[in-house]
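Asker: Have a look at this prediction, sequence included:
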Amino acid sequence: MIKTAQSLPCRQEGRAISRTHGLYGPAWPRLGKWVYRLSHPLARLGFGLAGLPAGESRPARKLRLALQEKLARGETAYLAGLGVSGHNSGIALVEVSAEKGIRLISNDEEERYSGVKHDDRFPTHCVEVLRQRLAQRGLTPDDVHAYLTSWNYPAATSLGLRLVASISLPAWPS
């Protein structure tokens, strides 16, 4: 709902410092909610088919159960954390075992290799370094139990569409 805002003026030496007039809030909040409700299942499906299931999805639950079983058998699991958007993209490799617990093997940020401070591009250099680190341990990318991302991409996509639908469209003239 669009509301009219008028702040109380602050007084300094008898004068008003600031005064706010006008409208605030999204122009189309209901449209934004509907866009989110419709796009979120589609985003979950699309990202799931691309190999990035949401954290609460059935494939993610199966992956967690498989990790628990692997650790219960005394095996070691490797997890890769991918920060592929936002500032300071990079990749981390973690070793997990029931005997030794959780151990950070590497945490590389793309800016180290590209020379660009707060590099937010896809971490292509870090992917190559991850492959080299795995090879040094006699492992391949298939030996990594899970590749984990720093964002819930289906929810972030749906939220972005919601914001565009509720704010960016022109409001009806008043």
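Answerer: Great, that's in hand.

Asker: Tell me if I'm right that residue 158 and residue 39 touch.
Answerer: Yes: between residue 158 and residue 39 there is a contact at 4.6 Å, judged by C-beta atoms under 8 Å. Bear in mind the C-beta positions are built from the backbone N, C-alpha and C, glycine included.

Asker: just the helices in this structure please.
Answerer: Secondary structure of the chain by DSSP state H: the helices cover 29-49, 58-72, 111-114, 124-136, 153-163.

Asker: Now tell me which of these the model trusts least on average.
Answerer: Here the lowest mean pLDDT among the helices of the chain goes to helix 111-114, at a mean of 85.

Asker: Okay, residue 135 and residue 106: tell me how far apart.
Answerer: Distance, residue 135 to residue 106, using C-beta to C-beta, to the nearest Å: 13 Å.

Asker: which of those two has more neighbours?
Answerer: Legend: neighbour count by other C-beta atoms under 10 Å for residue 135 and residue 106, higher for residue 106 (16 against 11).

Asker: which residues does the residue nearest the centre of the chain contact?
Answerer: Among the residues of the chain, the one closest to the centroid is residue 151, at 1.4 Å (C-alpha atoms, centre = their mean). Contact analysis of residue 151 by C-beta atoms under 8 Å, 6 or more residues apart in numbering lists 85, 86.

Asker: got it, and residue 81?
Answerer: Residue 81 makes contacts with 91, 92, 93, 94, 148, 149, 150, as judged by C-beta under 8 Å, 6+ apart.

Asker: and if we set it to 10 Å?
Answerer: 90, 91, 92, 93, 94, 104, 107, 146, 147, 148, 149, 150 (C-beta atoms under 10 Å, 6 or more residues apart in numbering).

Asker: That one pairs with what?
Answerer: Residue 81 has these beta-bridge partners by DSSP bridges: residue 92, residue 148.
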